[in-house]
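1. Predicted coordinates and the sequence they were generated for:
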Amino acid sequence: MKNLTLLSLLALATGIIMMTTSCKKGDTGPAGPAGPDSVFYSNWITLQMNPQQGDTSFQETITATAITSAILNKGSVVGYILTGDAINLADSSIVDANFFANQTFSVGKVELVSYYQDLTNDLYRYVVIPGTVAVTDASGTVQHYTADQLKKMSYQQVSQILSIPAKGAGSMKLNSPN
């Protein structure tokens, strides 16, 4: 009986060791879609505006799957136009797209219409902001910003607060009370 108990304990210990050494963490999979409390920022999109027949306006529709009905109801979307040097984004002028075009945000898309100015080849980026976001500043203090507050800020302020990189698209999970 003593040998049987010892043998059972030895088998149990061997099984535990085999399980822990044979289990390893797998490769990281692709990033999932932005959650309801995540800020999403698009890549810089090269505009290809379409002139409207018999008019002095130009139009483009951009697919934007991050814009949901929940974002439109509780959050905000902000668009920016990059003018100047597209190669060196830090030295360029990035302004609210409303200075150049009318923006209409709806589920899954952005519609841009400009009058008297063809924005073809200019760069456009949109940022999808859930209701209220909480971010930690450099001093470690948590700051709360509403979507409306962020919407009124310059691109430089928004990108600094939300740590949006100059290039690329992505999303970041924030502490959102929504």
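-> Yep, that arrived.

2. So which residues of this structure form helices?
-> For the chain, the helices defined by DSSP state H cover 2-22, 69-74, 147-151, 155-161.

3. Return the list of helices and strands in contact with the shortest one.
-> Going back to what we said before, that points to helix 147-151. Packing partners of helix 147-151 (3 or more CB pairs under 8 Å, 6 or more residues apart in numbering; DSSP states H and E): strand 76-83, strand 123-129, strand 132-136. Bear in mind the C-beta positions are built from the backbone N, C-alpha and C, glycine included.

4. Which pLDDT value belongs to the nearest residue to Val107 once chain neighbours are set aside?
-> Of all residues not flanking Val107 in the chain, Ser69 sits nearest, at 5.4 Å (CB to CB, 6 or more residues apart in numbering). Ser69 is assigned 94 on the pLDDT scale.

5. Next: the one 5 residues further on.
-> Listed pLDDT for Lys74 reads 89.

6. Count residues in the vicinity of it, would you?
-> The number of residues packed near Lys74 is 16, by other CB atoms under 10 Å.

7. Kindly report the same for Gln117.
-> 13.

8. Am I right that it is in contact with Phe58?
-> Yes - contact criterion CB atoms under 8 Å: Gln117 and Phe58 qualify, at 7.3 Å.

9. Look up the residues forming beta bridges with the residue lying closest to Asp96 once chain neighbours are set aside.
-> Once flanking residues are discounted, Asp96 sits nearest to Tyr80: 6.4 Å by CB to CB, 6+ apart. Beta-bridge partners for Tyr80, by DSSP bridges, are Asp96, Arg125.

10. Count the neighbours of Tyr80 for me.
-> 22.

11. give the contact list for it.
-> 94-97, 124-127, 155 (CB atoms under 8 Å, 6 or more residues apart in numbering).

12. what about 10 Å?
-> Neighbour list for Tyr80: 41-42, 44, 94-99, 123-127, 154-155, 158-159 [criterion: CB atoms under 10 Å, 6 or more residues apart in numbering].

13. Now, of the residues you listed, which are buried?
-> Taking 16 or more other CB atoms under 10 Å as the criterion, what is buried in the contacts of Tyr80 is 41-42, 44, 94, 96-97, 123-127, 155, 158-159.

14. And the furthest pair within those residues?
-> Within the buried ones among the contacts of Tyr80, two members stand farthest from each other by CB to CB: Leu123 and Val158, at 16.2 Å.

15. if we can go back for a sec, mean pLDDT for the helices of the chain: which is lowest?
-> Ranked by mean pLDDT, the helices of the chain end with helix 2-22 in last place, scoring a mean of 50.

16. quick revisit: make JSON lines out of the helices and strands packed on helix 147-151 and add distance to Gln48.
-> Shown next, in JSON lines, are those (distance: least, CB to CB, whole Å):
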{"stretch": "strand 76-83", "distance to Gln48": "14"}
{"stretch": "strand 123-129", "distance to Gln48": "10"}
{"stretch": "strand 132-136", "distance to Gln48": "32"}
